[in-house]
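In: pasting the sequence and the predicted coordinates here, then a few questions.
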Amino acid sequence: MKVNSIYLFVSLALLFLTSCFTSNEVTKYDYSYLYDEDQAIISPKYKIFHHSQDSSTLFYELNSGDILYERVFGDSAKAANIRMKYTLFADKDLTIVLDSGGQNLANYGTNGQRKLLQNSVRFKFDRREFAWLTVRFRDENKDFNVINILEVDKRENTNNQYFNYLSGEQVLFDQRSVKNSLSIQKSSLVETDEFIMETSNKYFNMTPPPFARPMNYELNVATDDRYFFSFVDDFFYLENPAAYNRFVSKNDSGIYNHVFYFGTQFPKLNQITELIDPIRYISTSTEYKNLKAAVNPKKGLDAFWLKLGKNEANSKELLKEYYHRVEVANKFFTSYKEGWKTDRGIIYIIYGIPNSIRKDAGSEVWLYGEENNVLSVQFRFYQTERSNISNHYEMVRNSDYKNNWYHQVDLWRQGKID
């Protein structure tokens, strides 16, 4: 499959990293910039696709607004200068190298634009269970590096890495359709073409506070509809997807793969009814119940924020910040349900951007406050194999969070959030 690209590839054997780095070094790296829209720092998205027996493809996406363009010597145009290096390791400690390589990426453009730039690179990987892929991008004009670790799963289980999701020729990186149609590409390594699709427009609940017991696993749901379909030349075109779609091989009870659709305006909130549900995190049960039943929900919502903000100016700032966080949560944390309803979403909305984030291939640790300070609070999120959803993280819950949580909610209710 060919992906449109505006990159000029200068080299396929880039060696700008002079020595290997360990998993400890990556773990110590601060990833808090990933969820801060005010920082113009490279935040790549990734998708792995197993296209053949002995190799796989890494698709990646960058936002041109995060890249610095500078004038090229002897040229009137401005260009970015990005270097990418990948290393595939056989072990989680990142010591046994299976393959490595890289690309020099030069792209002409201007600063301030926000275009999505996609490309791909193939790496050697034969049939084995797991490997760990480290990917480093360096913006030479900014003199800045970012590093990510990805799990590569090439077991014969038809997991998400054996399927690609596309809108036109653009790869979708989070299993979420941005239009009311998309195509699904099946790896030729998946021998069967016959599949079952199950769909639902179920409303998934918002997650409870971090001290509360987790909900029963929500993806064990009865779907609304079920039908058989076939891949033709390894492609299937899905028209008018439901909010929740999952498919599995007809003759195999293996892993479900998923596609989600939340409307063309998502992650933005456009309806007054969409603004009510997210305030449940900072409202009382009575306030929330009254708003849901209000004859004039806009008037009730205005009164709610005015009560919290104490005056019109402060209330507007409070409202603006809260719903901005809801939209950011939708953008970064959406999985099988909207991002604001997820474990990472609720923490981001109430606490804001963490002071630091530690991240590895399967977990994230968010720290609010200073390292080793007894007044700081830390949240751990981890991915689970059972979901086969790339952006699905669950929180390690603890009753000790209760006092800190209510203190943070009380700051919102006093209108004291910056």
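Out: Right, received. Where do you want to start?
In: what average pLDDT does stretch 405-415 get?
Out: Throughout stretch 405-415, pLDDT has a mean value of 95.
In: what residues of it count as buried?
Out: Buried positions in stretch 405-415, judged by neighbour count with 16 or more other Cβ atoms under 10 Å: W405, Q408, W412, R413, G415. For the C-beta atoms, the positions are set from N, CA and C on the backbone; glycine is no exception.
In: what do you get for stretch 45-57?
Out: Taking 16+ other Cβ under 10 Å as the basis for neighbour counts, the residues of stretch 45-57 that come out buried are K45, K47, I48, F49, H50, H51, S56, T57.
In: mind putting those residues in a markdown table, secondary structure included?
Out: Conversion of the buried residues of stretch 45-57 to a markdown table gives the following (DSSP: H, G, I helix; E, B strand; the rest coil):
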| residue | secondary structure |
| --- | --- |
| K45 | strand |
| K47 | strand |
| I48 | strand |
| F49 | strand |
| H50 | coil |
| H51 | coil |
| S56 | strand |
| T57 | strand |
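In: closest one of those to V328?
Out: The shortest distance between V328 and any of the buried residues of stretch 45-57, using Cβ to Cβ, involves K45 and amounts to 15.4 Å.
In: now secondary structure and distance to Y348 too, for the buried residues of stretch 405-415, in JSON lines please.
Out: Rendered in JSON lines, the data for the buried residues of stretch 405-415 read as follows (DSSP: H, G, I helix; E, B strand; the rest coil; distance: Cβ to Cβ, whole Å):
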{"residue": "W405", "secondary structure": "helix", "distance to Y348": "14"}
{"residue": "Q408", "secondary structure": "helix", "distance to Y348": "12"}
{"residue": "W412", "secondary structure": "helix", "distance to Y348": "13"}
{"residue": "R413", "secondary structure": "helix", "distance to Y348": "18"}
{"residue": "G415", "secondary structure": "coil", "distance to Y348": "20"}
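In: reformat the residues you listed as CSV; add distance to S187.
Out: Shown next, in CSV, are those (distance: Cβ to Cβ, whole Å):
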residue, distance to S187
W405, 44
Q408, 45
W412, 47
R413, 51
G415, 53
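In: can you tell me which two in the residues you listed are farthest apart?
Out: For those, the farthest-apart pair by Cβ to Cβ is W405 and G415; their separation is 18.1 Å.
In: residues of the longest helix along the chain that come out buried?
Out: Taking residue count as the measure and DSSP state H as the definition, the longest helix of the chain comes out as helix 312-333. When burial is assessed from 16+ other Cβ under 10 Å, helix 312-333 yields the following buried residues: 315, 318-319, 322-323, 325-330, 332-333.
In: what's the answer for stretch 147-164, then?
Out: 147-154, 158-164.
In: in strands, which of those residues fall?
Out: With strands taken from DSSP state E, the overlap with the buried residues of stretch 147-164 comprises I147, N148, I149, L150, E151, V152, D153, F163, N164.
In: show me what the fourth one is bridged to.
Out: This means L150. Beta-bridge partners of L150, counted by DSSP bridges, are L133.
In: test my guess that V248 contacts E194.
Out: No. Contact criterion Cβ atoms under 8 Å: V248 and E194 do not qualify, at 10.5 Å.
In: overlap in contacts, those two.
Out: Listed as contacting both V248 and E194 by Cβ atoms under 8 Å, 6 or more residues apart in numbering is no residue at all.
In: these two: who's more crowded?
Out: In this view V248 and E194 are compared by other Cβ atoms under 10 Å, and V248 has more residues nearby, 16 against 12.
In: name the element the more buried one belongs to?
Out: Of the helices and strands defined by DSSP states H and E, V248 is found in strand 244-249.
In: for the stretch 101-250 of the chain, just list every one of the helices.
Out: Assignment of helices within the stretch 101-250 of the chain using DSSP state H, counting those that start in this stretch yields no ranges at all.
In: pLDDT weak spots in it?
Out: Within the stretch 101-250 of the chain, the set of residues satisfying pLDDT under 70 comprises 216-217, 219, 221.
In: hmm, which two among the ones in strands among the buried residues of stretch 147-164 are most spread apart?
Out: Of all pairs drawn from these, the widest gap by Cβ to Cβ lies between I147 and F163 and measures 26.5 Å.
In: what's the most distant pair in the buried residues of stretch 147-164?
Out: Spatially, the most separated pair among the buried residues of stretch 147-164 is I147 and T158, at 29.6 Å (Cβ to Cβ).
In: how about R155, phi and psi?
Out: Backbone torsions of R155, given as degrees, to the nearest 10, read phi -70, psi 160.
In: got a list of what it touches?
Out: R155 makes contact with E129, F130 under the criterion Cβ under 8 Å, 6+ apart.
In: where's G345 relative to I389, distance?
Out: 14 Å (Cβ to Cβ, to the nearest Å).
In: please apply the same query to Y406.
Out: According to Cβ to Cβ, Y406 stands 31 Å off from I389.
In: could you do H324 as well?
Out: As judged by Cβ to Cβ, H324 and I389 stand 25 Å apart.
In: tell me the secondary structure at H407.
Out: Three-state call for H407 (three-state DSSP): helix.
In: and it, how far from Y108?
Out: Counting by Cβ to Cβ - H407 and Y108 are separated by 50 Å.
In: please apply the same query to R246.
Out: From R246 to Y108 the distance is 42 Å (Cβ to Cβ).
In: more neighbours: which of those two?
Out: Taking other Cβ under 10 Å, R246 and Y108 do not tie; R246 has more neighbours (22 against 13).
In: and the pLDDT at the residue nearest to that one when sequence neighbours are not counted?
Out: Once its chain neighbours are removed from consideration, R246 has its nearest residue in Y256; the separation is 4.4 Å (Cβ to Cβ, 6 or more residues apart in numbering). With respect to pLDDT, Y256 scores 88.
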